[in-house]
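Asker: sequence first, predicted model second:
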Amino acid sequence: MTRRASPLVRAGFSLALAVAVTLAIVAAAGAPPIDTLAVMAEGGLGSGQAWLRTLSALVPLLLCGAALCVTFAANLWNIGVEGQITMGSVFCLWFLRVAGLSGLLPAPLAVAGSLAAAMVGGLLWALLSGVLRTYGRVHEIFSGLGLNFVAMGVSLWLILGFWKRPGMASMSGTEPLPAELWLPALGGRPMSLVGLVLAVAAFGLVAFVLNRTFFGLALSAVRQNVVAAERLGLRPKRRMLAAMALGGALAGLAGGILVAGLYHRLIPSISGNYGYTAIMAVLLASGSLRFLPLACLFFAVLTVGSIQLPLALSLDSSLAGVVQGVLVLTLFAARRLWPAGTTGSRGGGA
Amino acid sequence: MDVVLSHIVKRFGPLAANDDVSVRFAPGTIHGILGENGAGKSTLMRVLCGVLAPDGGEITVGGSAYARLNPEAAGSLGIGMLSQDPLDFPPLCVWENFALGGGPVLSRGQATARLAAVCARMGFVLPPDGPVARLTVAERQQLELARLFDRDVRLLILDEPTTGISPAQKEALFAVLRAFVADGERVVALVTHKLAEARELCDTVSVLRQGRLVGSFAAPLSTPAILASMFGSQAACAAATPPPRPDPVTEAEALVVVENAVIADEKVVLEPLSVAIRPGEIVGVAGISGGGQEVFLRGLAGIAPVVAGRLSVAGRELAGRPLTRFLDAAVHYLPASRMEEGLFPGLSLLDHVRLAFPEQRDAARTIFTERCVGRFRLTNQPDSRAARLSGGNQQRLLLSLVPDDTRLLLADNPTRGLDAASIAQIWDHFRERAAGGAAVVFFSEDLDELLDHAGRVLVFYSRALVADLRSGTYDAACVGDLMTGRVAAGEVRP
């Protein structure tokens, strides 16, 4: 009888417990607990500028979250999102240099093409993991993690070597792009809001593919029982590769938007842990697409808000990381303490 | 030792596996727990040996009552269970397995000496240093019995102990059990769904049906009365009358041709074999555990690859081809572990229909109503999840997902764990398919069932096809001997 209400009650319980534990830890660290949370919330949501900063963190999180939902639907732990973002940004800048800076294509076309190139970059990097999994029996967690480091190495090599600034290489990144090769601002700075439009569209596409197409149904079949999927002739290996490819393309798009819409150059660690944070967001939403945007927003606010802690309260900036970690950990622990009767479901329809 | 189960209740979700069951195990007797598959026999025995905690009732052992037992407590009270699948560690050797599992820590010398003592008493022959993986199922049973006897078990529970052993090995086991209770103090509880075994061995019998105790009998045991309580009076008639024999197949063109084919699983490689199967045949594949019969079925299904030789179905060469080619050639396989290999537990039944018939997925609801519900009598809602299906309904769903134009249907233990009504439906369905021109090849662990329904029997022993027997040329004893390698094929071929 109370079944309907229980998910909400559970979420409330988890959140209350998480906030309580976080406050206790913050107080133990000698910081004013309520003020700390207030500053974080204020820093993420308090003003128009704060909202813009939060949205600019939300875009890559939403894209990576959607990417993870696709691979998760096929029971693949795509831990390599970070590397896929990085390769996306590398391909994006490469295209902008080849087609845009050289004047080969008109600027708007070059920018659009660079986003497509970014998707290809992420896709190829993800497929590498996928092929290692399906044909090489290397688990995607290990290959993904390894490829993250390789991608980071590639980007550093480009920044300090091949694409270094004229005169001297710099850890601050490559030479900034001219303004005509930026994504149109669409009212947003620093982050172009075109990214937000693309992210929302990609999220809608993923929701449609997973819930309304035969491909989505086949992915959930692979997730549920790969042996049975094989026996039914659903070719699970190909489905897994397709899921990896789609996920990689979305993560690559996030990398492209970071280059063309935010930084306008390639910087070291451009992926900014969005790939890992998105994993937490997906876990927080229990893999459910319905709650994913909310979870992504939550992490975006945390990420952006915690930057304010050293400025506003002269707290050590590492406390922000502690607050984030404790909050997330307690949320997960609370859900274990009060487990749901049934776990995430898939809507019908094909 | 006097052991009494009083008013035991055990629920799994909405299902009451045991509903107010009371049984007394008197000293010096062999007590049979009878019932068809799914009646709650194994659950009751798991409660008795402490693996499951009951939701109600109590267990009285030698005068003291317990609300529940755990395996350790049950062991110290002298209750031991020989489970259906031997609980051993195949990579370890015999004495190591003997020394494991409760009791004092034994050195190699002590364990070997105690094992030798038990073996001498019981007439077992178990090499202490051989790996358990090389033993037959019967020997693994003996090893487990030896361990239980060494721990001085006084109530010995056996769960379907004759599954996978030959008739001769069964006789030896029964002799051991009779000797075990001969002191008038120890007790055996024998779980079985085979009435003949109970009649042969048991002094008293309790019958379970759908979780409830429906009858108690003492020797001499009357077959009709026990059958009536096991199945209900009407079904008893059906169970007692043998099914119609499939007609002998006339000389039609072979549907399946296997020539010198080597079928290789991940662990097992079969000897090269040749066989031809015609449309309309129902072929039973007999063999004990490790005989290779399951690998043969998987090879015909395209799951275990044919690495050498030929395999063709309806003229299509399939050796070495991927599974999808086998599906294209209308070859389908029903796995023994239905949920693990055949179904998607979290998906709805409707989604299963969509996945099996992708071209008609817009009509999935119609297909479900007409095919799954109408023809296969699946009783669940289209939106319920496969995880909630009972064993019988799992098999009904799987059968309904096999297309009608299937040429070769392979079934591994198609009736395992099912109730009488489902079993009857499955055999009717197989006969229907065969009459429609398909070939059905199945394996059943239950030799009696296999011989009842097969028009032809292929016998496997030690990873080789050792005999191809036509209907009317064999009986249970001869197939049993072939299965266990006691006679070579030439000796029984007419």
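Answerer: Now that the structure is in, tell me what you want to look at.
Asker: mind listing what residue B:318 touches?
Answerer: By C-beta atoms under 8 Å, 6 or more residues apart in numbering or on different chains, residue B:318 lies in contact with B:302, B:306, B:311-312, B:325-326, B:329, B:331. Yep, even glycine has a C-beta here, placed from its N, CA and C like the rest.
Asker: at 6 Å what do you get?
Answerer: Residues near residue B:318 by C-beta atoms under 6 Å, 6 or more residues apart in numbering or on different chains: B:311, B:325-326.
Asker: okay, it and residue B:295: tell me how far apart.
Answerer: 16 Å (C-beta to C-beta, to the nearest Å).
Asker: nearest to residue A:183 among the contacts of residue B:318?
Answerer: Taking C-beta to C-beta as the measure, residue A:183 lies nearest residue B:325 of the contacts of residue B:318, at 48.5 Å.
Asker: secondary structure class for the closest one?
Answerer: Using DSSP: H, G, I helix; E, B strand; the rest coil, the structure places residue B:325 in helix.
Asker: can you list the low-confidence ranges for the chain?
Answerer: Chain wasn't specified; assuming chain A. A:1-8, A:11, A:187-190, A:317, A:338-350 (pLDDT under 70).
Asker: um, chain B though
Answerer: B:37, B:102, B:164, B:231-251, B:488-494.
Asker: tell me which residue of it is furthest from the middle?
Answerer: What lies farthest from the middle of chain B is residue B:362; by C-alpha atoms, centre = their mean that is 38.3 Å.
Asker: give me phi/psi at that residue?
Answerer: phi -70, psi -20 (degrees, to the nearest 10).
Asker: for residue A:214, see how far away it is.
Answerer: From residue B:362 to residue A:214 the distance is 10 Å (C-beta to C-beta).
Asker: burial check on residue B:116, number of neighbours?
Answerer: Counted by other C-beta atoms under 10 Å in any protein chain shown, the residues lying close to residue B:116 total 15.
Asker: once you drop chain neighbours, what's closest to it?
Answerer: Setting aside the residues directly before and after it, residue B:116 is nearest to residue B:128 in space (C-beta to C-beta, 6 or more residues apart in numbering or on different chains), at 7.4 Å.
Asker: ok, and does stretch B:372-381 reach over to chain A?
Answerer: No. Using C-beta under 6 Å from any C-beta of the partner chain, stretch B:372-381 never reaches chain A; the gap is at least 12.0 Å.
Asker: buried ones in that stretch?
Answerer: Neighbour counts using 16 or more other C-beta atoms under 10 Å in any protein chain shown place B:372-373, B:376, B:378, B:380 of stretch B:372-381 among the buried residues.
Asker: again, but for stretch A:326-339
Answerer: For stretch A:326-339, the neighbour count (16+ other C-beta under 10 Å) marks A:326-328, A:330-331, A:334-335 as buried.
Asker: stretch B:349-362 too?
Answerer: Neighbour-count burial for stretch B:349-362 flags B:349-356, B:358, B:361 (criterion: 16+ other C-beta under 10 Å).
Asker: what residues does chain A put near chain B?
Answerer: A:214, A:217, A:221, A:224-225, A:227-228, A:232-233, A:350.
Asker: which among those residues count as buried?
Answerer: Buried among these (16+ other C-beta under 10 Å): A:217, A:221, A:224-225, A:228, A:232-233, A:350.
Asker: ok, residue A:9 - contacts?
Answerer: If a contact means C-beta under 6 Å, 6+ apart, then residue A:9 has no contacts.
Asker: can you give me the neighbour number for the nearest residue to residue B:348 once chain neighbours are set aside?
Answerer: Spatial nearest neighbour of residue B:348, chain neighbours left out: residue B:383 (5.0 Å); criterion: C-beta to C-beta, 6+ apart. The number of residues packed near residue B:383 is 12, by other C-beta under 10 Å.
Asker: now residue B:383: how far from residue B:371?
Answerer: The value you get for residue B:383 to residue B:371, if C-beta to C-beta is used, is 17 Å.
Asker: for residue A:250, same thing?
Answerer: In this view, residue A:250 and residue B:371 are 39 Å apart by C-beta to C-beta.
Asker: the more surrounded of those two?
Answerer: Between residue A:250 and residue B:371, residue A:250 has the larger neighbour count (other C-beta under 10 Å), namely 33 against 17.
Asker: can you list the residues of the stretch 51-200 of chain B near chain A?
Answerer: Going by C-beta under 6 Å from any C-beta, none of the residues of the stretch 51-200 of chain B are near chain A.
Asker: contacts only, for residue A:267.
Answerer: residue A:173.
Asker: recalculate using a threshold of 7 Å.
Answerer: A:172-173 (C-beta atoms under 7 Å, 6 or more residues apart in numbering or on different chains).
Asker: quick check, it in a strand?
Answerer: No. Residue A:267 is assigned coil when assessed by three-state DSSP, not a strand.
Asker: kindly provide the distance from the residue lying closest to residue B:62 once chain neighbours are set aside to residue B:155.
Answerer: Distances taken as C-beta to C-beta, 6+ apart place residue B:1 nearest to residue B:62, at 5.8 Å, with adjacent residues excluded. Residue B:1 is 6 Å from residue B:155, where distance means C-beta to C-beta.
Asker: neighbour count for the two, which is higher?
Answerer: Set residue B:1 next to residue B:155 and count neighbours by other C-beta under 10 Å: residue B:155 wins out with 24 against 17.
Asker: what are the phi and psi values for that one?
Answerer: Per-residue torsions, residue B:155: phi -120, psi 110 (degrees, to the nearest 10).
Asker: quick one: contacts for it?
Answerer: B:1, B:3, B:25, B:78-79, B:187, B:189.
Asker: narrow the residues you listed to those in strands?
Answerer: Of these, the ones assigned to strands by DSSP state E are B:3, B:25, B:79, B:187, B:189.
Asker: now list the buried members of the residues you listed.
Answerer: For the ones in strands among the contacts of residue B:155, a burial check counting by 16+ other C-beta under 10 Å picks out B:3, B:25, B:79, B:187, B:189.
Asker: I figured the second one hits residue B:189, correct?
Answerer: In this case it means residue B:25. Yes. In this structure residue B:25 lies within contact range of residue B:189 using C-beta atoms under 7 Å: 5.9 Å.
Asker: quick check: neighbours shared by those two?
Answerer: Residues touching both residue B:25 and residue B:189 by C-beta under 7 Å, 6+ apart: B:31, B:155.
Asker: could I get the full set of strands for the stretch 201-350 of chain A?
Answerer: Counting by DSSP state E, counting those that start in this stretch, no segments of the stretch 201-350 of chain A form strands.
Asker: tell me where it has helices.
Answerer: Per DSSP state H, counting those that start in this stretch, the stretch 201-350 of chain A carries helices over the ranges A:214-224, A:226-231, A:236-257, A:274-284, A:292-306, A:308-313, A:318-337.
Asker: endpoint to endpoint, stretch B:406-424 covers what distance?
Answerer: In stretch B:406-424, first residue to last residue: 21 Å (C-alpha to C-alpha, to the nearest Å).
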